[in-house]
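>>> I'll drop the sequence and a predicted model, then ask my questions.
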Amino acid sequence: MPATYTPLVLPASALTCAAVLMLLRRIAPAVGLIDHPGGRKLHEAPVPVVGGLAMCFGLLPFVVASGHHDAGVFALALAMVTAIGAVDDRRHIQPRVRLALEVAAAMLLLADGSWIHYLGDLLGFGPIGTSSYGPLFTVVCIVGLINAMNMVDGLDGLAGSLALVATAWFTCVALATGNGQVATIGAAALGVIGAFLAFNLRTRFRHRAAVFMGDAGSMLLGMLLAWFAIELAGRAPSLLTPVGAVWIVAVPLLDMGSVMAQRMLRRGSPFAADRRHFHHVLVDGGMPVEKAVTAVVGIGVVCGAIGLGFPLLGIPEWAMFAAFLGLGCAVCRWTARTHDARQPQNPASSLDAVPSMPSVARDEPKAKPGAGAC
């Protein structure tokens, strides 16, 4: 796609996504893509789980038309993770099977050499390459980010807004480096995410989400952000450093690392459901959902600015990496202390004592067969 058409991509993809979304909302009950309230779910009425499918349908044509040399393989990988998520929304997929399918989708990107070759100067001793471990490391990173986005999808508008912010940062990098093809895909992604958020964010006129993205959406966004990071930071030294890319997606990564560490320290499954997520701690402390989303997304904006701005200020990569690890420890400590302080003294009445269905990066139990899940 010629660079002159890039400014038109954002509104075109947004309109495409919105049109598909309105169509899918009508047929969602017939195909069982409805998330019903109950259990640990806090919404009060059935909600269509079609946001991820709509974003995929709105994005793929522009990915294919972008002219990027990996466009076909990348589109196939996006379609695959979206399909996996949609099936999981409709009918539960066993965690091990789902993880294997995620790995297979991640491996599709390796077909054209889309893996991480360069990690930057993380330790202060010079640039680090991945050598022969690059493909394996790349698959681990992609699957990790897919599940991080799945875990952070806990409040109306949160996962979509974080993805919108991260995509905006990546698109700015693509434009600044003259990478028109990646910028075109970034513009299309901004369009479809924005269109979805128009139906998902709470506003003064709508007090609950009209649609959910479901696993299909969170997995799509995780794959999308991982690809941006690899393309713009993981191949060779560039404007965006590898650790800078990590900072751009810091919020979902830190949240996933924090809750999994806490669960394992308590000798539980790292995938067991609880309310230890950063956003849950804020809401459980009395903060309204809208303000909690604004606060977390604001942190995401600041983290992205750090990732892109600190290298320009001459701050070394190893210092940024150390700061990221330190922030992760601080988040884990704060969420653990705050969550535990609010729990009843009787362990049997604690939320953590309630058995939960283990799953791969999913903090809500599955709905009954035939229903979608958020």
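Cool, the structure landed.

>>> Residue 49: how many residues sit nearby?
29 (other Cβ atoms under 10 Å). Heads up, the C-betas are built off the backbone N, CA and C, glycines and all.

>>> Pull out the buried residues from stretch 176-193.
For stretch 176-193, burial by neighbour count (16 or more other Cβ atoms under 10 Å) applies to 179-193.

>>> do stretch 90-108 as well
Neighbour-count burial for stretch 90-108 [16+ other Cβ under 10 Å]: 90, 92, 93, 95, 98, 99, 101, 102, 105, 106, 107, 108.

>>> Are there helices or strands packed against the helix or strand containing the last one, and which ones?
Okay, so that is residue 108. Assigned by DSSP states H and E, residue 108 belongs to helix 95-108. On a contact count with 3 or more Cβ pairs under 8 Å, 6 or more residues apart in numbering; DSSP states H and E, helix 95-108 meets helix 71-90, helix 134-152, helix 214-233.

>>> Go ahead and name everything in contact with it.
Defining contact as Cβ atoms under 8 Å, 6 or more residues apart in numbering, one finds that helix 95-108 is touched by 73, 76-77, 80-81, 84, 88, 93, 135, 138-139, 142-143, 146-147, 219, 223, 226, 271, 358-360.

>>> Pull out the buried residues from those.
Listed as buried from the contacts of helix 95-108 are 73, 76-77, 80-81, 84, 88, 93, 135, 138-139, 142-143, 146-147, 219, 223, 226, 271, 359-360; burial here means 16+ other Cβ under 10 Å.

>>> any idea which residue sits dead centre in the chain?
When Cα atoms, centre = their mean is applied to the chain, the residue found nearest the centroid is residue 149 (2.6 Å).

>>> wait, isn't it in contact with residue 218?
Yes. Using Cβ atoms under 8 Å, residue 149 is in contact with residue 218, at 4.6 Å.

>>> low-scoring stretches of this protein, by residue?
Judged by pLDDT under 70, the chain has its weakly predicted residues at 1-5, 38-44, 344-374.

>>> for it, what spans make up the strands?
Assigned by DSSP state E, the strands in the chain fall at 34-35, 47-48, 118-120, 128-129.

>>> Indicate which one of those is closest to residue 171.
strand 118-120 (21.1 Å; Cβ to Cβ).

>>> Paired strands for the closest one, with orientation please.
Partners of strand 118-120 in the sheet, by DSSP bridges, are strand 128-129 (antiparallel).

>>> ok, back up a step: and the helix holding residue 108, C-alpha only, in PDB?
Extracted in PDB, the C-alpha atoms of helix 95-108 (Å, rounded to 0.1, in the frame of the first residue of the first chain):
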ATOM      1  CA  PRO A  95      -5.300 -25.100  29.100                       C
ATOM      2  CA  ARG A  96      -2.500 -27.400  27.800                       C
ATOM      3  CA  VAL A  97      -4.200 -27.500  24.400                       C
ATOM      4  CA  ARG A  98      -4.600 -23.800  24.300                       C
ATOM      5  CA  LEU A  99      -1.000 -23.200  25.200                       C
ATOM      6  CA  ALA A 100       0.100 -25.600  22.500                       C
ATOM      7  CA  LEU A 101      -2.000 -23.700  19.900                       C
ATOM      8  CA  GLU A 102      -0.600 -20.400  21.100                       C
ATOM      9  CA  VAL A 103       2.900 -21.800  20.600                       C
ATOM     10  CA  ALA A 104       2.000 -23.000  17.100                       C
ATOM     11  CA  ALA A 105       0.600 -19.500  16.200                       C
ATOM     12  CA  ALA A 106       3.800 -17.900  17.500                       C
ATOM     13  CA  MET A 107       5.900 -20.200  15.500                       C
ATOM     14  CA  LEU A 108       4.200 -19.000  12.300                       C
END
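
>>> Report the angle between it and helix 71-90.
Helix 95-108 and helix 71-90 are oriented at 170 degrees to each other (axes from the mean of the first three to the mean of the last three Cα atoms, to 10 degrees).

>>> Just the helices from the chain, written as ranges.
6-31, 51-65, 71-90, 95-108, 134-152, 158-176, 180-200, 214-233, 242-248, 250-265, 278-284, 289-312, 317-341 (DSSP state H).

>>> Would you mind finding the most buried of those?
helix 214-233 (a mean of 28; mean count of other Cβ atoms under 10 Å).

>>> helices and strands around that helix, which ones?
So helix 214-233, by 3+ Cβ pairs under 8 Å, 6+ apart, packs with helix 51-65, helix 71-90, helix 95-108, helix 134-152, helix 158-176, helix 180-200, helix 242-248.

>>> I'd like to know which of those helices is closest to residue 8.
Across the helices and strands packed on helix 214-233, residue 8 has its closest neighbour in helix 180-200 (8.7 Å, Cβ to Cβ).

>>> For that closest one, name the packing helices and strands.
helix 6-31, helix 51-65, helix 158-176, helix 214-233.
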